[in-house]
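J.: What shape does this take:
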Amino acid sequence: MVKKKLLLFILVASAIAGNAQPVPSARQLKWQEMEFYLFAHFGPNTFTDLEWGKGTEHEEVFNPTQLDCGQWCRVAKAAGAKGIIITAKHHDGFCLWPSKFSTHTIAQSKWKDGKGDVLRELSDSCKKYGLKFGVYLSPWDRNHPKYGTPEYNDVYVNMMKEIVKNYGPLFEFWWDGANGEGPNGKKQIYDWHRFEENLRIIAPNTPVFSDIGPDIRWVGNENGIAGDPDWNLLDTAGFSRGAGSPPTDTLNHGNVNGANWIPAECDVSIRPGWFYHKNEDEKVKSPEELFQLYLKSVGRGASLLLNVPPDRRGMINEHDSLALVGFKKLRENSFGKPIAAKKISSINQNKYLVKLNKTAVINCIVLEEPTQFGQKIKTFSIQLKNKNAIVKELFGKTIGRKRIITFLPVEADSINLIITEAKPNALISGIEAYHIDQKLIEHQ
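T.: Numbers count the residues shown, from 1 in each chain. As a prediction, this is how the structure comes out:
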């Protein structure tokens, strides 16, 4: 036991001593462990078949007939998702809670005679089913009369405070950088510094998402695909949210020597649109398509935020729930039991060996880097051997929290991982080998 504690102390001290780069905060580490969670775009657009509401929709438009947030959570659990982020207010300005700072809310709707509260129902359901609860709050508001004036920044801050106080704790606060005209024809000058400062005070443990963080960055596309390489680091100096954000290619890959630890989140919808449209019921992504997205998001060290929009009943549609259950089954069948697994506690090695109990067919390797010490591995190679002969050699770039590598199947009895280029004190925390259904993977 003493030797193990000593080794751990040396490992931590060595990693910190060689750390000339950013490392994640406690809230970021906790968030990254979630890996996969759902987005729920829901509001007037659900009932008007629009994607971006105009802000002039009458409140009576919002009237789900069978709203059941418990059903959302049961579906999320069945999908293996760890939480749900809801569009508390989209660009149309309609609030899914009875906000005191707007007259365009569910309190003015006929749903439940104006006494309903979607945020309350979902936050309570998430607690009941052991899920995390998050909120998307669009700064753009096409309805609020103060939008386009300095007073609107007060409104937005008050809404954030209202949500955190009444529905927290939140596992993520999602900022959209969209900035269009309000009802008076003016655009808003968002006081992002004030927004961020206030959130840090009222919700210090809640990670904040935007183009440039501060905690989580947009991945640069809405296809659910992280870059290869994918660095958790990002330079934000000189950039702003929205139109002034870094190039999408930079957001996709991060910066190898970036000044800030801001990991990527891959947002994508299970349907062509973000809100529910009945004519898209037959266009829901298949379990196999979702698995491909998992490989290209979580499998590249990012997190997967999958949008599953409730329908006009206020329920997750059957087409979507079937795909989600199938997606979970594919993940369980693929990664439920490794052929070989090794947890690493070595210091500053550039070669790692995993010996299998016997020769086995392998077509997938999963690598892990202890990101609490930063991200340091730039390139690596994997040698699959059988009776000391190399039967396949693979080459990769970044690892980060998790790296999933798939390839044509080979028979092997050992795996060599070689770090070919890295920053000082690079570490590996895990190596696993699998044989998954070859139909699920793309040949590399």
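
J.: Now do the SS call for residue 158.
T.: helix (DSSP: H, G, I helix; E, B strand; the rest coil).

J.: Now do the contacts for it.
T.: When contacts are counted by C-beta atoms under 8 Å, 6 or more residues apart in numbering, residue 158 touches 100-101. The way it works is simple: take the backbone N, C-alpha and C, and place the C-beta from them, glycine included.

J.: Likewise for residue 301?
T.: By C-beta under 8 Å, 6+ apart, the residues touching residue 301 are 226, 230, 232, 263-264, 375, 398-403.

J.: How about it, nearest residue that isn't a chain neighbour?
T.: The spatially closest residue to residue 301, leaving aside those adjacent along the chain, is residue 400, at 2.9 Å (C-beta to C-beta, 6 or more residues apart in numbering).

J.: Am I right that the one you found is in contact with residue 233?
T.: No: counting by C-beta atoms under 8 Å, residue 400 sits too far from residue 233 to count as a contact (10.1 Å).

J.: Looking at those two, which one has more neighbours?
T.: Set side by side, residue 400 and residue 233 show unequal neighbour counts under other C-beta atoms under 10 Å, the larger going to residue 400 at 24 against 19.

J.: about what we covered before: so what's the residue nearest to residue 301 up against?
T.: 230-232, 263, 300-301, 369, 371, 375.

J.: so is residue 392 in a helix, a strand, or just coil?
T.: Taking three-state DSSP, the label given to residue 392 is strand.

J.: can you offset everything so residue one is 53?
T.: Sure, I'll start counting at 53 from here, so that last one is residue 444.

J.: Break down the stretch 153-302 of the chain into its strands, ranges please.
T.: Residue ranges of the strands in the stretch 153-302 of the chain, as given by DSSP state E, counting those that start in this stretch, are 184-189, 225-226, 260-262, 268-270, 285-286.

J.: starting at the chain centroid, how far to stretch 101-121?
T.: Averaged C-alpha coordinates place stretch 101-121 at 26 Å from its chain's average position (C-alpha atoms, centre = their mean, to the nearest Å).

J.: who touches it?
T.: Stretch 101-121 is contacted from outside by 95-100, 142-146, 156-158, 160-163, 168, 170, 173-174, 176-177, 193-195, 234-235, 325-327, 329, 362, 364-367, using C-beta under 8 Å, 6+ apart.

J.: Just the ones of these in helices?
T.: The members of these that map onto helices under DSSP state H are 96-100, 170, 173-174, 176-177.

J.: if we can go back for a sec, just the buried residues from the contacts of residue 353, in ChimeraX please.
T.: If you want just the buried ones from the contacts of residue 353 in ChimeraX, going by 16 or more other C-beta atoms under 10 Å, the selection is:
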select :278,282,284,315,316,427,450,451,452,453,454,455
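
J.: what's the closest of the contacts of residue 353 to residue 212?
T.: residue 315 (22.6 Å; C-beta to C-beta).

J.: mind listing what that closest one touches?
T.: Shown here is residue 315, whose contacts under the criterion C-beta under 8 Å, 6+ apart are 76, 80, 84, 268-269, 284, 353-355, 452-453.

J.: do residue 131 as well
T.: Under the criterion of C-beta under 8 Å, 6+ apart, the contact partners of residue 131 comprise 90, 376-377, 379-380.

J.: Is it correct that residue 382 is in contact with residue 492?
T.: Yes: look at residue 382 against residue 492 with C-beta under 8 Å: they come within range, at 6.4 Å.

J.: shared neighbours, the two?
T.: Contact criterion C-beta under 8 Å, 6+ apart; residues shared by residue 382 and residue 492: 340, 343.

J.: still on that earlier bit, shared neighbours, residue 452 and residue 285?
T.: By the contact definition C-beta under 8 Å, 6+ apart, residue 452 and residue 285 are jointly contacted by residue 427.

J.: can you tell me the average pLDDT over stretch 393-412?
T.: Averaging pLDDT along stretch 393-412 yields 84.

J.: now stretch 196-208
T.: Per-residue pLDDT values across stretch 196-208 average out to 98.

J.: now do the same end-to-end measure for that stretch.
T.: This stretch, stretch 196-208, spans 10 Å end to end (C-alpha to C-alpha, to the nearest Å).

J.: likewise stretch 177-187?
T.: Using C-alpha to C-alpha, the two ends of stretch 177-187 sit 14 Å apart.

J.: contacting residues around that stretch?
T.: By C-beta under 8 Å, 6+ apart, the surrounding residues in contact with stretch 177-187 are 86, 89, 121-122, 124-126, 128-129, 133-138, 140, 171, 174-175, 215, 219, 221-226.
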